[in-house]
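A.B. asks: Predicted model follows, preceded by the sequence.
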Amino acid sequence: MKSLTFTLLAFVLSLPILSAQNEDRDKYETLQYYISSIRNDVESARYYTDSTKVLNLLDEINTTVDKIDIEVEAFIVPETVMLTETEETDDIVAEEEIPAEDWNNDTDGDNGRGVLGNMSKYMPFKNKSKTKFTVEVGINSLQQTLTGAQTAGPDLNNGGSWYWDFGIQRQLRIGGHNSKVAFNYGISYLLNRFKFEEDVRLTTIDGNPAFVPVADAKNDPKLNIGYLTVPLGFSFKMGKKLTLNLGGYAGYRVHTVQKIKLRTGNETIEEKRYSSNQLNNWVYGGQASIDINGFDIVARYNLSPLFKDNPNFDYNTFMIGTSFSFF
């Protein structure tokens, strides 16, 4: 009984100490949040100025914030709390040691614009990321070169011929602190969809690609081709609201399917055909885009022919679209 009384008494006496430690820790975490927010705001402010004097003043703010951070570490948080929370402390130190890799101090490439860009002050970790998820969409078409006995292929429905590109991209700034050049690399899945105006499907005759008529077609037939690609390129900051991107890509075909809808009497038949039909396994090409105040215009051209060497068709794919970035 005496032992229980002593334990309860010790617990009651320790409550003010525990409460004070928790209060101090809350203060510490709040201060760290605002310190991180100040750093992010300063980094974002760099984008809107080319003045060396202003940049130097922003550097002075960063230096002052570093001093504040040292004082916070030394006096705000009791040593007992810091020692008992080693795991969280390690996370805080690790976060401070991560350099704010960016391009003009904006690693996700949106320069503070867009849905997530405007929330950067509420997301202190955002500018720590060097990886972003990109989605590119637009129309694609085919350029045919006629030589010898080659004949014109089927007409495309350009309004229904789309391409999508889903990628993960990383950006590495090249040069000094104020460099306006960045190297981009990543991996993506490129999907080209070709919709034909004529009721034809792709097949192979005598080892060469050929388009043959489709009877009872209900809708325009479609040919989908998917590639796993590796894009590489450079970004050049031309001004506060203008960015030029130049690069290329190379990849391998991983998906091919033809989709055809047939109408026979009262029946609708959906047909899917999986075959390479002498399509080129490898793809490579050039890409250029221009970012005007957050809006991208992208142009692509496949230097590799759509088909393997053949006497019938010589096609190259070109694409025009736009892109969006996330995270």
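C.D. replies: On my side now, so go ahead. Numbering: from 1, shown residues only.
A.B. asks: Following the chain onward from the longest strand anywhere in the chain, which element is next?
C.D. replies: Using DSSP state E, we find that the single longest strand of the chain is strand 242-264. Next in sequence after strand 242-264, counting helices and strands by DSSP states H and E, comes strand 267-273.
A.B. asks: Sheet-wise, list the partners of that next one with their directions.
C.D. replies: strand 242-264 (antiparallel) (DSSP bridges).
A.B. asks: in the strand it pairs with, what counts as buried?
C.D. replies: Within strand 242-264, the residues scored as buried using 16 or more other CB atoms under 10 Å are 243, 245, 247-249, 251, 253, 256, 258-262. C-betas here are computed from N, CA, C, even on glycine.
A.B. asks: for the record, mean pLDDT for that strand?
C.D. replies: The average pLDDT within strand 242-264 is 94.
A.B. asks: Dump the C-alpha coordinates for it into CSV.
C.D. replies: What follows is strand 242-264, C-alpha atoms only, in CSV (Å, rounded to 0.1, in the frame of the first residue of the first chain):
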residue,chain,number,x,y,z
LEU,A,242,9.5,31.6,-70.3
THR,A,243,11.3,28.2,-70.3
LEU,A,244,12.7,26.3,-73.3
ASN,A,245,13.1,22.5,-73.1
LEU,A,246,15.1,20.5,-75.7
GLY,A,247,15.8,16.8,-75.7
GLY,A,248,15.0,13.4,-77.0
TYR,A,249,13.8,10.0,-76.0
ALA,A,250,14.4,6.3,-76.8
GLY,A,251,12.4,3.3,-75.9
TYR,A,252,11.0,-0.1,-76.7
ARG,A,253,7.5,-1.2,-77.9
VAL,A,254,5.7,-3.1,-75.1
HIS,A,255,2.0,-3.0,-76.2
THR,A,256,0.1,-3.3,-79.5
VAL,A,257,-3.6,-3.8,-80.0
GLN,A,258,-6.1,-3.1,-82.7
LYS,A,259,-9.7,-2.3,-81.6
ILE,A,260,-12.5,-2.9,-84.1
LYS,A,261,-16.3,-2.7,-83.6
LEU,A,262,-18.4,-4.7,-86.0
ARG,A,263,-22.1,-4.6,-86.6
THR,A,264,-23.8,-7.8,-87.8
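A.B. asks: rewinding a little: how distant is the longest strand of the chain from the center of its chain?
C.D. replies: Centre-to-centre, strand 242-264 and its host chain are 18 Å apart (CA atoms, centre = their mean, to the nearest Å).
A.B. asks: Could you do stretch 255-266 as well?
C.D. replies: 34 Å.
A.B. asks: please renumber so the chain begins at 45
C.D. replies: Let's use 45 as the start, then, which means that last one is stretch 299-310.
A.B. asks: residues making contact with that stretch?
C.D. replies: 235, 245-246, 258-263, 265-270, 312-321, 323 (CB atoms under 8 Å, 6 or more residues apart in numbering).
A.B. asks: now the strands for the stretch 245-371 of the chain?
C.D. replies: 252-257, 266-283, 286-308, 311-317, 326-336, 339-346, 359-370 (DSSP state E, counting those that start in this stretch).
A.B. asks: returning to that earlier point: pick out whichever of the buried residues of strand 286-308 sits closest to Tyr229.
C.D. replies: Nearest to Tyr229 out of the buried residues of strand 286-308 is Gly291 (CB to CB; 9.0 Å).
A.B. asks: Next up, the contacts around the nearest residue to the closest one once chain neighbours are set aside.
C.D. replies: Of all residues beyond its chain neighbours, the one nearest Gly291 is Gly277 (1.8 Å), with distances taken as CB to CB, 6 or more residues apart in numbering. By CB under 8 Å, 6+ apart, Gly277 lies in contact with Phe227, Asn228, Tyr229, Asn289, Leu290, Gly291, Gly292, Gln331.
A.B. asks: Could you export those as CSV, including distance to Asp110?
C.D. replies: CSV is the format used below for the contacts of Gly277 (distance: CB to CB, whole Å):
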residue, distance to Asp110
Phe227, 29
Asn228, 31
Tyr229, 32
Asn289, 34
Leu290, 37
Gly291, 37
Gly292, 41
Gln331, 41
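A.B. asks: From these, pick the one nearest Asn184.
C.D. replies: Gln331 (12.9 Å).
A.B. asks: and of the strands of the stretch 245-371 of the chain, who's closest to Leu186?
C.D. replies: Here strand 359-370 is closest among the strands of the stretch 245-371 of the chain (CB to CB), at 4.7 Å.
A.B. asks: Next, the angle strand 266-283 makes with the longest strand of the chain.
C.D. replies: 170 degrees (axes from the mean of the first three to the mean of the last three CA atoms, to 10 degrees).
A.B. asks: pLDDT on the strand or helix carrying Glu73, on average?
C.D. replies: Per DSSP H and E: Glu73 is located in helix 46-89. Per-region confidence: helix 46-89 scores 64 on mean pLDDT.
A.B. asks: returning to what we had before: list just the nearest of the contacts of Gly277 to Arg214.
C.D. replies: Distances from Arg214 to the contacts of Gly277, taken by CB to CB, are shortest for Tyr229, at 6.0 Å.
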